[in-house]
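**Student:** structure of the sequence below:
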Amino acid sequence: MARPSVGALVDVFAATEETTEATVIPRIVTQSQQIARYFTDDLKYFLRETEFNLIRYLDIPDDYPQDTEEVIEMLYEDISHLIRDKLITGINLLISDPDPDANLRGAYRLRYHALYQLEVPKRVLKLDDAKRFGGYLAPPPAAWRGTRYRFALLIDWEPSANEKRRKAMRPEYCFDWVPEQASFDARTLVRYRSGGMTMDGAQVVTRDELASPDYQGQ
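**Tutor:** This next block holds a predicted model:
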(Lines give C-alpha, C1' and ligand atoms only; values in the text may rest on other atoms or scores of the structure.)
Protein backbone atom coordinates (compact mmCIF):
# COMPACT_ATOMS: atom_id res chain seq x y z
CA MET A 1 0.00 0.00 0.00
CA ALA A 2 1.28 3.44 -0.82
CA ARG A 3 1.98 5.56 2.23
CA PRO A 4 0.74 9.16 2.20
CA SER A 5 3.65 11.32 3.21
CA VAL A 6 4.94 14.85 3.23
CA GLY A 7 8.45 16.21 3.21
CA ALA A 8 10.75 18.74 4.81
CA LEU A 9 12.08 22.09 3.64
CA VAL A 10 14.00 24.83 5.41
CA ASP A 11 13.80 28.56 4.70
CA VAL A 12 13.53 31.78 6.71
CA PHE A 13 11.86 35.13 5.97
CA ALA A 14 10.86 38.18 8.03
CA ALA A 15 7.34 39.28 8.90
CA THR A 16 5.23 42.44 9.15
CA GLU A 17 1.86 42.94 10.85
CA GLU A 18 -1.38 43.86 9.08
CA THR A 19 -5.00 43.68 10.25
CA THR A 20 -6.18 41.82 13.35
CA GLU A 21 -9.13 39.44 13.66
CA ALA A 22 -10.40 37.88 16.90
CA THR A 23 -10.70 34.11 17.25
CA VAL A 24 -12.87 32.37 19.90
CA ILE A 25 -10.92 29.52 21.51
CA PRO A 26 -12.30 26.93 23.97
CA ARG A 27 -10.05 26.68 27.05
CA ILE A 28 -9.62 22.93 26.60
CA VAL A 29 -7.71 23.50 23.36
CA THR A 30 -3.94 23.28 23.79
CA GLN A 31 -1.45 25.74 22.35
CA SER A 32 -0.24 23.20 19.80
CA GLN A 33 -3.80 22.43 18.75
CA GLN A 34 -4.65 26.09 18.24
CA ILE A 35 -1.54 26.64 16.11
CA ALA A 36 -2.41 23.57 14.04
CA ARG A 37 -5.99 24.84 13.63
CA TYR A 38 -4.70 28.19 12.40
CA PHE A 39 -2.86 26.34 9.62
CA THR A 40 -5.72 23.99 8.68
CA ASP A 41 -8.16 26.91 8.53
CA ASP A 42 -5.76 28.54 6.07
CA LEU A 43 -5.48 25.27 4.15
CA LYS A 44 -9.26 24.98 3.81
CA TYR A 45 -9.44 28.53 2.43
CA PHE A 46 -6.50 27.81 0.10
CA LEU A 47 -8.20 24.69 -1.29
CA ARG A 48 -11.47 26.56 -1.86
CA GLU A 49 -9.61 29.28 -3.77
CA THR A 50 -7.47 26.97 -5.90
CA GLU A 51 -9.84 23.97 -6.15
CA PHE A 52 -6.81 21.71 -5.68
CA ASN A 53 -7.53 18.02 -5.12
CA LEU A 54 -5.76 17.40 -1.80
CA ILE A 55 -6.49 13.66 -1.93
CA ARG A 56 -4.67 13.35 -5.24
CA TYR A 57 -1.74 15.60 -4.38
CA LEU A 58 -1.03 13.77 -1.11
CA ASP A 59 -1.44 10.44 -2.89
CA ILE A 60 -3.96 9.19 -0.31
CA PRO A 61 -4.45 5.41 -0.74
CA ASP A 62 -7.89 3.90 -1.20
CA ASP A 63 -8.10 2.49 2.33
CA TYR A 64 -7.80 6.01 3.78
CA PRO A 65 -10.74 8.44 3.99
CA GLN A 66 -11.41 9.99 0.59
CA ASP A 67 -13.17 13.03 2.00
CA THR A 68 -11.09 16.22 1.99
CA GLU A 69 -12.47 17.43 5.32
CA GLU A 70 -11.51 14.16 7.01
CA VAL A 71 -7.99 14.28 5.55
CA ILE A 72 -7.58 17.87 6.76
CA GLU A 73 -8.61 16.75 10.26
CA MET A 74 -5.97 14.01 10.08
CA LEU A 75 -3.39 16.64 9.13
CA TYR A 76 -4.60 18.75 12.05
CA GLU A 77 -4.08 15.87 14.47
CA ASP A 78 -0.59 15.16 13.13
CA ILE A 79 0.57 18.78 13.04
CA SER A 80 -0.63 19.45 16.59
CA HIS A 81 1.20 16.25 17.63
CA LEU A 82 4.40 17.33 15.85
CA ILE A 83 4.26 20.77 17.49
CA ARG A 84 3.52 19.30 20.92
CA ASP A 85 6.54 16.99 20.59
CA LYS A 86 8.69 19.96 19.46
CA LEU A 87 9.59 18.23 16.19
CA ILE A 88 8.87 21.04 13.72
CA THR A 89 9.57 24.75 13.38
CA GLY A 90 7.60 25.51 10.22
CA ILE A 91 5.07 24.45 7.58
CA ASN A 92 5.14 25.20 3.85
CA LEU A 93 2.56 25.25 1.05
CA LEU A 94 4.21 25.36 -2.37
CA ILE A 95 3.14 25.80 -5.98
CA SER A 96 5.93 25.21 -8.49
CA ASP A 97 6.54 24.48 -12.13
CA PRO A 98 5.37 20.94 -12.92
CA ASP A 99 8.75 19.66 -14.08
CA PRO A 100 12.28 19.96 -12.65
CA ASP A 101 14.54 22.53 -14.32
CA ALA A 102 17.86 21.22 -15.64
CA ASN A 103 19.30 24.72 -15.29
CA LEU A 104 18.52 24.57 -11.55
CA ARG A 105 20.25 21.21 -11.04
CA GLY A 106 16.93 19.41 -11.19
CA ALA A 107 15.09 21.65 -8.73
CA TYR A 108 11.51 22.77 -9.26
CA ARG A 109 11.16 26.52 -9.81
CA LEU A 110 8.75 27.91 -7.24
CA ARG A 111 5.85 30.15 -8.25
CA TYR A 112 4.30 30.56 -4.79
CA HIS A 113 5.34 29.81 -1.21
CA ALA A 114 3.28 30.19 1.97
CA LEU A 115 5.74 29.90 4.84
CA TYR A 116 4.60 29.38 8.45
CA GLN A 117 7.22 29.90 11.15
CA LEU A 118 6.17 28.52 14.53
CA GLU A 119 7.23 29.92 17.90
CA VAL A 120 5.84 28.15 20.94
CA PRO A 121 6.80 30.03 24.15
CA LYS A 122 7.75 28.00 27.21
CA ARG A 123 5.25 29.86 29.36
CA VAL A 124 1.58 28.83 29.40
CA LEU A 125 -0.49 31.19 27.26
CA LYS A 126 -4.10 32.26 27.64
CA LEU A 127 -5.79 30.40 24.79
CA ASP A 128 -8.89 32.62 24.73
CA ASP A 129 -6.69 35.55 23.68
CA ALA A 130 -5.68 34.04 20.30
CA LYS A 131 -5.93 36.42 17.35
CA ARG A 132 -5.37 35.91 13.63
CA PHE A 133 -3.98 38.89 11.72
CA GLY A 134 -3.36 39.42 8.03
CA GLY A 135 -6.45 37.52 6.88
CA TYR A 136 -6.30 34.20 5.03
CA LEU A 137 -4.05 33.09 2.18
CA ALA A 138 -4.18 34.94 -1.15
CA PRO A 139 -2.15 32.98 -3.72
CA PRO A 140 -1.92 34.68 -7.15
CA PRO A 141 -4.32 32.87 -9.54
CA ALA A 142 -1.75 32.95 -12.33
CA ALA A 143 0.37 30.48 -10.37
CA TRP A 144 -2.05 27.64 -11.11
CA ARG A 145 -4.97 28.78 -13.26
CA GLY A 146 -4.85 27.66 -16.89
CA THR A 147 -1.44 26.05 -16.53
CA ARG A 148 0.27 22.88 -15.33
CA TYR A 149 1.79 23.05 -11.84
CA ARG A 150 3.05 21.01 -8.90
CA PHE A 151 1.68 21.35 -5.35
CA ALA A 152 3.54 20.32 -2.19
CA LEU A 153 2.96 20.45 1.56
CA LEU A 154 6.24 20.31 3.49
CA ILE A 155 7.40 20.76 7.08
CA ASP A 156 10.59 22.19 8.58
CA TRP A 157 12.11 19.82 11.11
CA GLU A 158 13.56 21.03 14.39
CA PRO A 159 17.34 20.45 13.86
CA SER A 160 17.89 19.12 17.38
CA ALA A 161 15.16 16.46 16.98
CA ASN A 162 17.04 14.37 14.42
CA GLU A 163 16.53 11.04 16.18
CA LYS A 164 13.08 11.69 17.59
CA ARG A 165 11.61 12.67 14.24
CA ARG A 166 12.21 9.15 12.92
CA LYS A 167 9.22 8.14 15.04
CA ALA A 168 6.88 10.57 13.25
CA MET A 169 5.19 7.72 11.41
CA ARG A 170 2.19 5.47 11.68
CA PRO A 171 0.72 4.18 13.94
CA GLU A 172 1.61 7.08 16.27
CA TYR A 173 0.67 9.52 13.50
CA CYS A 174 -1.96 9.45 10.78
CA PHE A 175 0.72 9.90 8.10
CA ASP A 176 4.36 8.96 7.60
CA TRP A 177 6.30 12.23 7.83
CA VAL A 178 9.33 11.52 5.67
CA PRO A 179 11.86 13.83 3.94
CA GLU A 180 10.86 15.17 0.53
CA GLN A 181 13.19 13.92 -2.19
CA ALA A 182 12.49 16.81 -4.55
CA SER A 183 14.17 20.20 -4.17
CA PHE A 184 12.65 23.62 -4.87
CA ASP A 185 14.27 26.84 -6.02
CA ALA A 186 12.95 30.04 -4.38
CA ARG A 187 15.45 32.58 -5.68
CA THR A 188 12.94 34.49 -7.80
CA LEU A 189 10.30 34.79 -5.07
CA VAL A 190 9.35 38.14 -3.54
CA ARG A 191 7.39 38.52 -0.33
CA TYR A 192 4.12 40.37 -0.96
CA ARG A 193 1.98 39.59 2.07
CA SER A 194 2.33 38.68 5.75
CA GLY A 195 0.11 37.48 8.55
CA GLY A 196 0.12 35.25 11.59
CA MET A 197 -1.37 34.61 14.99
CA THR A 198 -0.78 36.02 18.45
CA MET A 199 -1.73 34.41 21.71
CA ASP A 200 -1.65 36.16 25.09
CA GLY A 201 0.53 38.92 23.62
CA ALA A 202 3.07 36.52 22.06
CA GLN A 203 3.34 35.95 18.31
CA VAL A 204 3.19 32.18 17.90
CA VAL A 205 2.82 32.00 14.10
CA THR A 206 4.51 34.18 11.48
CA ARG A 207 3.13 33.63 7.98
CA ASP A 208 4.73 35.01 4.82
CA GLU A 209 3.44 34.68 1.27
CA LEU A 210 5.98 34.92 -1.52
CA ALA A 211 5.51 34.67 -5.27
CA SER A 212 7.48 34.99 -8.46
CA PRO A 213 6.95 38.39 -10.15
CA ASP A 214 6.06 36.43 -13.31
CA TYR A 215 2.86 35.24 -11.61
CA GLN A 216 1.82 38.28 -9.59
CA GLY A 217 -0.86 40.69 -10.72
CA GLN A 218 -2.26 38.35 -13.38
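**Student:** worst-scoring helix or strand of the protein, pLDDT-wise?
**Tutor:** Ranked by mean pLDDT, DSSP states H and E, the helix or strand of the chain with the weakest confidence is strand 20-22, at a mean of 36.
**Student:** which is the succeeding secondary structure element to that one?
**Tutor:** helix 31-50 (DSSP states H and E).
**Student:** residues making contact with that next one?
**Tutor:** The contact list for helix 31-50, computed with Cβ atoms under 8 Å, 6 or more residues apart in numbering, reads 25, 29, 52, 54, 68, 72-73, 75-77, 79-81, 83-84, 91, 93, 114, 116, 118, 120, 124-125, 127, 130, 132, 136-139, 144, 197, 199, 204-205, 207. For glycine as for every other residue, the C-beta is placed from the backbone atoms N, C-alpha and C.
**Student:** for residue 195, which three-state class applies?
**Tutor:** The three-state label given to residue 195 by DSSP: H, G, I helix; E, B strand; the rest coil is strand.
**Student:** weed out the non-buried ones from the contacts of helix 31-50.
**Tutor:** Using 16 or more other Cβ atoms under 10 Å as the burial test, the contacts of helix 31-50 include 25, 52, 54, 68, 72, 75-77, 79-81, 83, 91, 93, 114, 116, 118, 120, 125, 127, 130, 132, 136-139, 144, 197, 199, 204-205, 207 as buried.
**Student:** in helices only, show me those residues.
**Tutor:** Taking DSSP state H, the ones among the buried ones among the contacts of helix 31-50 that sit in helices are 54, 68, 72, 75, 76, 77, 79, 80, 81, 83.
**Student:** quick one, strands of the chain?
**Tutor:** With strands called from DSSP state E, the chain shows them at 5-8, 20-22, 88-96, 108-118, 130-133, 150-157, 176-177, 184-185, 190-199, 202-211.
**Student:** export those to TSV and append columns for distance to residue 46.
**Tutor:** Converted to TSV, the strands of the chain look like this (distance: least, Cβ to Cβ, whole Å):
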stretch	distance to residue 46
strand 5-8	15
strand 20-22	17
strand 88-96	6
strand 108-118	7
strand 130-133	14
strand 150-157	10
strand 176-177	20
strand 184-185	17
strand 190-199	13
strand 202-211	10
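**Student:** between those strands, which gets the lowest average pLDDT?
**Tutor:** Among those, strand 20-22 carries the lowest mean pLDDT, at a mean of 36.
**Student:** grab the nearest non-local neighbour of residue 191.
**Tutor:** In space, and not counting its chain neighbours, residue 191 is closest to residue 210: 4.8 Å by Cβ to Cβ, 6 or more residues apart in numbering.
**Student:** hmm, residue 115 and the one you found touching each other?
**Tutor:** Yes - counting by Cβ atoms under 8 Å, residue 210 touches residue 115, with 7.0 Å between them.
**Student:** between those two, which has more neighbouring residues?
**Tutor:** residue 115 (25 against 21; other Cβ atoms under 10 Å).
**Student:** and the nearest residue to that one once chain neighbours are set aside, bridged to which residues?
**Tutor:** Of all residues not flanking residue 115 in the chain, residue 208 sits nearest, at 4.8 Å (Cβ to Cβ, 6+ apart). The partner list for residue 208 in beta bridges (DSSP bridges) reads residue 115, residue 194.
**Student:** what is the burial count for residue 208?
**Tutor:** 23.
**Student:** for residue 139, see how far away the residue nearest to residue 191 is.
**Tutor:** Distance of residue 210 to residue 139, given as Cβ to Cβ, to the nearest Å: 10 Å.
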